[in-house]
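# 3D model of this:
(chains A and B)
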Amino acid sequence: GAVVSQHPSRVICKSGTSVKIECRSLDFQATTMFWYRQFPKKSLMLMATSNEGSKATYEQGVEKDKFLINHASLTLSTLTVTSAHPEDSSFYICSASPGPFSGINEQFFGPGTRLTVL
Amino acid sequence: AQSVTQPDIHITVSEGASLELRCNYSYGATPYLFWYVQSPGQGLQLLLKYFSGDTLVQGIKGFEAEFKRSQSSFNLRKPSVHWSDAAEYFCAVGGRGYSTLTFGKGTMLLVSP
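Residues are numbered from 1 along each chain as shown, chains lettered A, B, ... in the order given. Next up, the predicted model:
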């Protein structure tokens, strides 16, 4: 149980285009989803936290207009990298949590999406 | 502010030898502690977690970790390392009542024949 999927697993795009990454909880309802970014040989950096039906909370230094997050349902959150540039190339990982009232205080991670911007 | 320190960037262990990966945390309340493993180009797999109770926690793949409150540590151990254990290991801390996770910078485990 507690499976989280991400799509696509890899994407290559041209500079200036927008890319959408989907994160789905397959067998549970995710009240909250998290988006992380991981640079090569580095740790995970939390970008934002999104609760279903409300606006995402972004970490300091993360451009909310650049990284659009939508959490429209209890099983789907999307991250859109707008007007992507080579410096946005990274490994993006999402996680999902059933939330505090489920009694499960844990995040379940997706397999990640490798974004390469040419 | 919460933080996690993994003092070893790389560790090399001979196959069959024992392993200990260090993790120290800073957290203002009782922490939730996690160890994750990541293979190259892959997502995170949870090895084990500590929420409360017995301070020695058993996980998957033969791993265990011990929570020591007095030392603010949550070190990961395995009695006999297999070549397939070579990967990046991350320690993370979160709080009760639900909160975000803070990750350490990771320790890369290399296994020599």
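# what residue, apart from its backbone neighbours, is nearest A:Ser25 spatially?
Among residues not flanking A:Ser25 along the chain, A:Ala96 sits closest, at 4.4 Å (C-beta to C-beta, 6 or more residues apart in numbering or on different chains). (Glycine included, C-beta is placed from N, CA and C.)
# ok, then the element right after the strand or helix carrying the one you found?
Following DSSP states H and E, the helix or strand that holds A:Ala96 is strand A:90-97. Counting by DSSP H and E, the next helix or strand C-terminal to strand A:90-97 is strand A:108-109.
# who does that next one touch, helix- and strand-wise?
In terms of contacts (3 or more C-beta pairs under 8 Å, 6 or more residues apart in numbering or on different chains; DSSP states H and E), strand A:108-109 is packed against strand A:90-97, strand B:44-50.
# counting by contacts, list what the last one packs against.
Using 3+ C-beta pairs under 8 Å, 6+ apart as the contact criterion, the neighbours of strand B:44-50 among helices and strands are strand A:108-109, strand B:31-38, strand B:56-58, strand B:64-68, strand B:73-78.
# make a markdown table out of the ones you listed and add mean neighbour count and mean pLDDT.
Converted to a markdown table, those look like this (neighbours: other C-beta atoms under 10 Å in any protein chain shown; pLDDT from 0 to 100):
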| stretch | mean neighbour count | mean pLDDT |
| --- | --- | --- |
| strand A:108-109 | 23 | 90 |
| strand B:31-38 | 23 | 93 |
| strand B:56-58 | 14 | 96 |
| strand B:64-68 | 18 | 96 |
| strand B:73-78 | 20 | 98 |
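# next, format these as CSV and append distance to B:Val13.
CSV is the format used below for these (distance: least, C-beta to C-beta, whole Å):
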stretch, distance to B:Val13
strand A:108-109, 25
strand B:31-38, 14
strand B:56-58, 20
strand B:64-68, 16
strand B:73-78, 9
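# run through the bridge partners of the residue nearest in space to the middle of chain B.
With distances taken as C-alpha atoms, centre = their mean, B:Trp35 lies nearest the centre of chain B, 3.5 Å away. Partner residues in beta bridges with B:Trp35: B:Leu48, B:Cys91, with DSSP bridges as the criterion.
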